[in-house]
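A.B. asks: Just to be clear, the model below is a prediction. Sequence and coordinates:
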Amino acid sequence: MPADAAIDALLEGLNPPQRDAVVHGEGPLLILAGAGSGKTRVLTHRIAYLLRTGQAKPSEILAITFTNKAASEMRERVELLVGRATRAMWVMTFHAACARMLRADAHRLGYTRQFTIYDSADQRRLIKKCLDDLDVDVKRFTPRAMQSQISDAKNKLRSPEDYRQLVGSFFEQTVADVYDLYERELHRSNAMDFDDLLVRSVNLLEMFQEVRDRYSAAFRWIMVDEYQDTNHVQYRWLQLLTGDHRNLAVVGDDAQSIYGFRGADIKNILNFEDDYPDAHVVKLEQNYRSTQTILDAANAVISNNRGQMTKHLWTDVGEGDPVRVREMADEHAESRFVTAEVNRLVDEGVSRAEIAIFYRTNAQSRVLEDMLVRAGVGYQIIGGTKFYERAEIKDAVNYLTFLVNPQDGTAFTRIANSPRRGLGQTSMSRVLAHAASMGMTVWDAAIDDIPGLATAARKSLERFMSTMTRLKERVEGGAPVAQLLQELLEETGYKEALEAERTIEAQGRLENLEELVRVTQEYDANNPEGNIGEFLQQIALLADADTIRDDEGLVTLMTLHNAKGLEFPIVFIIGMEDGTFPHSRSIEEGNIDEERRLAYVGLTRAMRDLTLTYARRRGAFGGSMGGPTIRSRFLDEIPRDLTDQRQRLSAGFPAPGRVASWAGAAQASAEVAGDTDGSVFRIGEDVVHSKLGEGVVTGLEPGGIVVVRFAGDGSERKLMADYAPLKRR
Ligand SMILES: Nc1ncnc2c1ncn2[C@@H]1O[C@H](COP(=O)(O)OP(=O)(O)OP(=O)(O)O)[C@@H](O)[C@H]1O
Ligand SMILES: [Mg+2]
């Protein structure tokens, strides 16, 4: 080992097996270990070590992470460790790496450099069009169902022809037709969907030996984080790139494989040793993240999955507090409780940024958000209706897209009549048909003499395209993205139309557009040599987790899926009920194992403080679930002595006819508890105890028990509301 002091410093703060993985030289390397054992840290240090020792140049490194946020964190840490910028290094997601490859070589596959990346919504719009063209009944064959079938085929590297070979039912026959047309339409639009980024890169590497040689010679060192969630096409891509040198280091945890529904194949990690019999295998067993109690709880849950590799995780962080389990009357009480808890923690000096709230599905966030907003608690939400999915943002982005990709018919149809210009569906179809029949770009068709177009439509199309042509000239003149966006919003009348609406919604949309202008200004400042095409690529690749801001004052809300790889000192998981988590669909399909792995991921995000809540009723006023619930089986898999829940609350579930009165009783017993002067306590309420002083109600339990956290010593006590000398403040 080189005796350079900087290298020693790099290896310090690593335990022996971690160090072993970091200094491993050439050849395949597998790090298989449980949550929080430092897998990501090992990858980061390994990159820094390769650079520091001179074994690798930055341009020879390709490191794949699961999100863009994880990528930028990894790059920052590496730069910190090696003490210099390493711009030539590729640290990015699979999709970003593929997009970059394709920009350089897309022409070989018949695309231009300016190809558009379609997101899920664009994809569905195009599928819908294909379904219409094929006269398929969209009620029986929904665009969403088609999309998932097509995506699944692509992730398995099955072309429309491959798919057709395997057709077994009428449904699949229809999928085959739609898939075939969809692919042709995509190509004609010079566009790729997300799955295509991978598929086309694999095509490129398979078909062009010289491209493959170039990349596999360039990337001599390849690293992959979260390897348990790679799918077949990603596996193949890695195989093509590492074929010659085999310097592939992967890290993962089979217990955290949670993307099976998207085609991720847990076998990729389990079979790594079969693929590479000479692989150096490192196991990490010390967890540096969580308390022993949290780890024991997570291990107890995951041990219910059969076929899971056993790993012995231990920590010297200490035992820590018990896992808090709270039963709530309904989702509103649950939200009130969590909100009150957040406020209590903040009062105690905790930063909101240290707190995260996880849930199984996006829809669960709304009630919680309402409560947080009302209580004035700053929060950020990862996922849900994402900024870039809002209609006005999509419109603006599509304007930019059409300016750089004149072949993009989907972009054209999105913007041609937005704002309204009297260009109906028929006129737009005429333009597209004209482009197809004449072999022209959509842009050229739109400025051509189109047969059969009504005079009014012809005029407005002319006006629209002359505005667009003016804008395009400015694009070609190298105008900065922000300037162009602003001009575009003015000159196309988009802004004016919103202003004329004079509604609160329109105001919100204008504000969102202003936010987009800020995004472009930032882009221009950071990329003096950038261009619209690159800007569009950047935002197309923004995954959910990227909207996270390192803002001191915000609580973070997200789905359990988005929480992967992250850690927070304080974690709440809400909705711990069967049907919610595990999700009802998984229960029906008998696929609980993946849900359990998701539970393992969620529990192991917590560093010192973990609270799990469930509601006895959910969705009382409409909603798909509605009615009484059963607490999650995952809660029962946590040994009671690791939690603070002493007695099991087996209230017994009522017959359907009694739901209303039962709900009333639950209300009385769990959500409010009477105090001595006849009034009631509510969660979050300030109270004063004649001996213990001031406190806040943090929980209410059946039997008139009120849980109070006292300000004086920070203790939390359960009191009998009827007897304790407790009053509201
Ligand atoms: N040897 C070590 N000494 C001190 N802290 C460490 C050490 N190894 C890891 N850590 C810390 O432990 C935490 C978990 O590490 P890391 O995120 O790399 O784990 P992981 O195995 O990638 O977890 P996950 O499975 O959740 O992705 C981080 O805060 C990291 O800095
Ligand atoms: Mg990790």
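C.D. replies: In hand now; what should we look at? Keep in mind the model is a prediction, meaning the values are calculated, not measured. Numbering: from 1, shown residues only. Ligands and ions are numbered 1, 2, ... in the order given.
A.B. asks: How about the residues of the stretch 101-250 of the chain by ligand 2?
C.D. replies: Proximity of the stretch 101-250 of the chain to ligand 2 (CB under 5 Å from the ion) involves no residue at all. The C-beta positions use only the backbone N, C-alpha and C, and glycine is treated the same way.
A.B. asks: And the strands in the stretch 101-250 of the chain?
C.D. replies: Using DSSP state E, counting those that start in this stretch, the strands found in the stretch 101-250 of the chain span residues 116-118, 191-193, 221-224, 248-252.
A.B. asks: got the contact list for residue 454?
C.D. replies: For residue 454, the set of contacting residues under the criterion of CB atoms under 8 Å, 6 or more residues apart in numbering consists of residue 427.
A.B. asks: got the phi/psi numbers for it?
C.D. replies: Residue 454 adopts backbone torsions of phi -60, psi 150, taken as degrees, to the nearest 10.
A.B. asks: Ok, residue 319 next?
C.D. replies: Per-residue torsions, residue 319: phi -70, psi -40 (degrees, to the nearest 10).
A.B. asks: ok, it touching residue 295?
C.D. replies: No: in terms of CB atoms under 8 Å, residue 319 does not count as a neighbour of residue 295; the distance is 10.1 Å.
A.B. asks: Poorly predicted segments of the stretch 51-200 of the chain, please.
C.D. replies: Scanning the stretch 51-200 of the chain with the threshold set as pLDDT under 70 gives no residue ranges.
A.B. asks: Quick check: phi and psi at the residue in it positioned nearest to ligand 2.
C.D. replies: At 7.9 Å from ligand 2, residue 70 is the closest residue in the stretch 51-200 of the chain, using CB to the ion. Main-chain dihedrals, residue 70, degrees, to the nearest 10: phi -60, psi -40.
A.B. asks: Can you check the pLDDT for the nearest residue to it once chain neighbours are set aside?
C.D. replies: Beyond its immediate neighbours in the sequence, the residue positioned closest to residue 70 (CB to CB, 6 or more residues apart in numbering) is residue 565, lying 5.7 Å away. We have a pLDDT of 93 for residue 565.
A.B. asks: which ones are touching residue 600?
C.D. replies: By CB under 8 Å, 6+ apart, the residues touching residue 600 are 35, 255, 256, 298, 301, 302.
A.B. asks: so who does the last one touch?
C.D. replies: Contacts here follow CB under 8 Å, 6+ apart; on that basis residue 302 touches 255, 308, 596, 597, 599, 600.
A.B. asks: distance of it from residue 388?
C.D. replies: Distance check for residue 302 against residue 388: by CB to CB, to the nearest Å, it reads 35 Å.
A.B. asks: Run through the stretch 501-650 of the chain and note the low-pLDDT ranges.
C.D. replies: 503-505, 542-552, 619-626, 646-650.
A.B. asks: Contact residues of the stretch 151-300 of the chain facing ligand 1?
C.D. replies: 253, 256, 288, 289 (CB under 6 Å from any ligand atom).
A.B. asks: just to revisit the earlier point, could you name the specific helix or strand carrying the residue nearest to residue 70?
C.D. replies: Assigning secondary structure by DSSP states H and E places residue 565 outside every helix and strand.
A.B. asks: Settle this for me: it is touching residue 225, isn't it.
C.D. replies: Yes: using CB under 8 Å, residue 565 and residue 225 qualify as a contacting pair, with a distance of 7.4 Å.
A.B. asks: got the buried residues for the strand or helix carrying residue 535?
C.D. replies: When elements are defined using DSSP H and E, residue 535 is found to belong to helix 532-540. Of the residues in helix 532-540, 532, 533, 535, 536, 537, 538, 539, 540 count as buried by neighbour count, 16 or more other CB atoms under 10 Å.
A.B. asks: near ligand 2, which residues of this structure?
C.D. replies: For the chain, the contact set with ligand 2 under CB under 5 Å from the ion comprises 39, 40, 565.
A.B. asks: what about whatever residue of the stretch 251-400 of the chain ends up closest to ligand 1, neighbour count?
C.D. replies: When CB to the nearest ligand atom is the measure, the stretch 251-400 of the chain has its nearest residue to ligand 1 at residue 288, with 3.2 Å between them. Taking other CB atoms under 10 Å as the criterion, the count of residues near residue 288 is 16.
A.B. asks: likewise the one 5 residues further on?
C.D. replies: By the criterion of other CB under 10 Å, residue 293 has 23 neighbours.
A.B. asks: Quick check on it: phi, psi?
C.D. replies: Dihedral angles (degrees, to the nearest 10) for residue 293: phi -60, psi -50.
A.B. asks: shift numbering so it begins at 7
C.D. replies: Renumbered: residue one is now 7, and that last one reads residue 299.
A.B. asks: which residues touch it?
C.D. replies: So residue 299 contacts 325, 326, 327, 328, 329, 648 (CB under 8 Å, 6+ apart).
A.B. asks: Just say helix, strand or coil for the spatially closest residue to it that is not a sequence neighbour.
C.D. replies: Computed as CB to CB, 6+ apart, the closest residue to residue 299 that is not its neighbour in sequence is residue 326, at 4.8 Å. Of the three states, residue 326 takes coil under DSSP: H, G, I helix; E, B strand; the rest coil.
A.B. asks: what does the model give residue 326 for pLDDT?
C.D. replies: Residue 326 is assigned a pLDDT of 95 by the prediction.
A.B. asks: Wait, it touches residue 295, no?
C.D. replies: No: in this structure residue 326 lies outside contact range of residue 295 using CB under 8 Å: 11.4 Å.
A.B. asks: top of the contacts of residue 606 by neighbour count?
C.D. replies: When neighbours are counted by other CB under 10 Å, residue 304 leads the contacts of residue 606 with 29 neighbours.
A.B. asks: In this structure that residue contacts residue 262, no?
C.D. replies: No: in this structure, residue 304 sits apart from residue 262 without contact. The criterion is CB under 8 Å, and the distance is 10.5 Å.
A.B. asks: Find residues that contact each of the two.
C.D. replies: The contact sets of residue 304 and residue 262 overlap at 41, 606 (CB under 8 Å, 6+ apart).
A.B. asks: close enough to count as contact, residue 338 and residue 374?
C.D. replies: No: here residue 338 lies out of contact with residue 374, judged by CB under 8 Å, at a distance of 9.8 Å.
A.B. asks: May I have stretch 401-412 exported as PDB, CA atoms only?
C.D. replies: Output for stretch 401-412, consisting of C-alpha atoms alone and laid out as PDB, is shown next (Å, rounded to 0.1, in the frame of the first residue of the first chain):
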ATOM      1  CA  ASP A 401     -46.300  23.300 -22.200                       C
ATOM      2  CA  ALA A 402     -43.300  25.600 -21.800                       C
ATOM      3  CA  VAL A 403     -41.000  22.600 -22.000                       C
ATOM      4  CA  ASN A 404     -42.700  21.400 -25.100                       C
ATOM      5  CA  TYR A 405     -42.400  24.800 -26.700                       C
ATOM      6  CA  LEU A 406     -38.600  24.600 -26.100                       C
ATOM      7  CA  THR A 407     -38.600  21.000 -27.300                       C
ATOM      8  CA  PHE A 408     -40.300  21.800 -30.600                       C
ATOM      9  CA  LEU A 409     -37.800  24.600 -31.200                       C
ATOM     10  CA  VAL A 410     -34.900  22.200 -31.100                       C
ATOM     11  CA  ASN A 411     -36.600  19.000 -32.400                       C
ATOM     12  CA  PRO A 412     -38.700  19.900 -35.500                       C
END
